[in-house]
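Q: structure for this input, please:
(one chain, ligands or ions: 1)
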Amino acid sequence: MRLFIDTGSVAEVEEIAAWGVLSGATTNPSLLAKEDGDPGEIVQRICELVRGPVSAEVVSQEVQGMIDEGRALRELHEHVTVKVPFCERGLAATRALTDDGIPVNMTLVFSPTQALLAAASGATYVSCFMGRLDDISVDSTVVLEEIADTLRAGGMTSEIIAASVRHPEHVVAAARIGCEIATTPAKVLRQMLNHPLTEAGAEKFRQDWQSRPEFGAWLRELTEKRLAAAGS
Ligand code: G3P
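A: Presented below is the predicted three-dimensional model:
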């Protein structure tokens with residue numbers, strides 16, 4: 001499974017991209033509306049930082065408007081994927097954009113039937129929301145499993161993006177279900193880092209190493225020798 005970051009914040013992308021774990025990013029109108037600055041420049045900067053697919057969403061509610069916006073968004077950067085909300089007109093726009101060779105991420109998908117239609121329209125990605133299902137007391141892992149089983153049994157090749165991720169267990173569930181991507185807020189990615197036993201173990205390593213100062217001197221000398229030999 002690949003990890004995307006779900007944000008409109010360049011600062012968050014800079015922070016997490018430095019970890020070397022991101023394969024792409026997703027934005028949407030709500031996320032971009034939170035940010036200051038030019039949305040086009042934000043999308044372009046995120047494309048440069050993640051060096052992978054970055055979703056930018058159309059907002060028109062008419063087929064031709066979605067197509068025109070999608071074509072324009074695609075020209076922002078070679079990594080731009082056009083995000084189209086799931087609906088009847090969105091399907092038509094997705095088919096037209098896909099036939100143009102433009103990758104589409106159909107979003108706001110909540111059921112296997114919607115996912116089948118999105119995939120049939122040629123969507124490269126299908127964004128299936130988890131948190132918003134849980135919000136209405138529907139088990140999102142059950143729905144995502146049904147979506148994954150349905151698309152794969154149906155021979156549909158659209159990649160499933162687990163979206164509306166609210167906590168680390170959503171990411172784990174998405175991976176276990178076989179989703180190709182989880183698009184994850186920075187807050188959740190930071191939560192995925194932490195475990196008390198890791199922190200305690202690192203502290204113990206530091207303490208034990210410091211109990212043998214000659215070992216520390218050895219490693220510093222080894223490192224300095226290599227740096228000198230490498231001329232840096
Ligand atoms: O990728 C869609 C995501 O941004 C929506 O998340 O938490 O508003 O349901 P949320």
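
Q: hmm, who's touching stretch 174-184?
A: By CB atoms under 8 Å, 6 or more residues apart in numbering, the residues outside stretch 174-184 that reach it are 1-6, 23-26, 125, 127-128, 130, 141, 144-145, 148, 152, 159-163, 165, 170-171, 192. Heads up, the C-betas are built off the backbone N, CA and C, glycines and all.

Q: again with stretch 4-18
A: For stretch 4-18, contacts defined as CB under 8 Å, 6+ apart pick out 22-28, 31-35, 39, 42, 45-46, 49-50, 52-53, 161, 163, 165, 181-186, 189.

Q: now for the top helix by length along the chain, which elements pack on it?
A: Determined from DSSP state H, the single longest helix within the chain is helix 213-229. For helix 213-229, the packing partners by 3 or more CB pairs under 8 Å, 6 or more residues apart in numbering; DSSP states H and E come out as helix 196-210.

Q: tabulate the CA atom coordinates of the helix it packs on in PDB.
A: The C-alpha coordinates for helix 196-210 follow below in PDB (Å, rounded to 0.1, in the frame of the first residue of the first chain):
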ATOM      1  CA  PRO A 196       6.000   4.400  24.300                       C
ATOM      2  CA  LEU A 197       8.100   1.200  24.000                       C
ATOM      3  CA  THR A 198      10.000   2.700  21.100                       C
ATOM      4  CA  GLU A 199      10.800   5.800  23.000                       C
ATOM      5  CA  ALA A 200      11.800   3.900  26.100                       C
ATOM      6  CA  GLY A 201      14.000   1.500  24.100                       C
ATOM      7  CA  ALA A 202      15.800   4.400  22.400                       C
ATOM      8  CA  GLU A 203      16.500   6.000  25.700                       C
ATOM      9  CA  LYS A 204      17.800   2.800  27.100                       C
ATOM     10  CA  PHE A 205      20.200   2.400  24.100                       C
ATOM     11  CA  ARG A 206      21.500   5.900  24.600                       C
ATOM     12  CA  GLN A 207      22.000   5.300  28.300                       C
ATOM     13  CA  ASP A 208      23.800   2.000  27.800                       C
ATOM     14  CA  TRP A 209      26.000   3.500  25.100                       C
ATOM     15  CA  GLN A 210      26.900   6.400  27.300                       C
END
